[in-house]
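S.K.: Pasting a predicted model and its sequence here:
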Amino acid sequence: MENISLIFQVVVAISVYYVWIFRFHNVIAEFKQFGYSDVFRNFVGAAKMSISTLLITGLLYNEITLYAALGMAFFMLSAQLTHHRVKNPFKQYLPSLIFLLMSLFIAAFNYGLL
């Protein structure tokens, strides 16, 4: 279970970096579709990148991993609610759903539930 949690930490963090750095054009289009402002988009991006950094840092300092995972889960749950609000097809829900479940697994493991 520990190895799975560590792998999930790395996968979630790197995926968020990848989306917000190399696929930023998609992020811009999605946030426009959602009706959110550029300032809000930039806040979300900065927060998710910071939390990703905390997930990576949590590989060395385990004490912060629970909080980072819960923070990421919050953003992924928010993404799920936003996709539902604008009635996107399930295909667009899937990435944030997977990362939500991975973040919850990380949190559950680090809290001692698993």
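M.R.: Looks like it came in fine.

S.K.: For the rest of this, base every contact and every neighbour count on C-alpha atoms.
M.R.: OK.

S.K.: Return the residues in contact with I98.
M.R.: Contacts here follow CA atoms under 8 Å, 6 or more residues apart in numbering; on that basis I98 touches nothing.

S.K.: What does the pLDDT read for it?
M.R.: pLDDT recorded at I98 is 98.

S.K.: can you tell me which helix or strand it belongs to?
M.R.: Element membership of I98, judged by DSSP states H and E, is helix 90-111.

S.K.: chain center to that helix, what's the gap?
M.R.: 8 Å (CA atoms, centre = their mean, to the nearest Å).

S.K.: Check stretch 87-95 too.
M.R.: Counting by CA atoms, centre = their mean, stretch 87-95 comes out at 15 Å from the chain centroid.

S.K.: Let me see the contact set for the residue positioned nearest the centre of the chain.
M.R.: Using CA atoms, centre = their mean, the residue of the chain that lies closest to the mean C-alpha position is M72, 4.3 Å off. If you count contacts by CA under 8 Å, 6+ apart, M72 has them with K48, I51, S52, L100, S103.

S.K.: now that we have those residues, which one has the most neighbours?
M.R.: S103 (27 neighbours; other CA atoms under 10 Å).

S.K.: Under the pLDDT cut-off, which ranges of the protein? List them.
M.R.: Scanning the chain with the threshold set as pLDDT under 70 gives no residue ranges.

S.K.: ok, and K87, which helix or strand is that part of?
M.R.: Using DSSP H and E, no helix or strand contains K87.

S.K.: Could you report the separation of it from Y93?
M.R.: Distance from K87 to Y93, counting by CA to CA, to the nearest Å: 10 Å.

S.K.: just the helices in the chain please.
M.R.: 2-22, 24-34, 38-57, 65-85, 90-111 (DSSP state H).

S.K.: List the buried residues of the third one.
M.R.: Of the residues in helix 38-57, R41, G45, K48, M49, S50, I51, S52, T53, L54, L55, I56, T57 count as buried by neighbour count, 16 or more other CA atoms under 10 Å.

S.K.: Repeat that for the first one.
M.R.: The neighbour-count check on helix 2-22 (16+ other CA under 10 Å) flags S5, L6, F8, Q9, V10, V11, V12, A13, I14, V16, Y17, W20 as buried.
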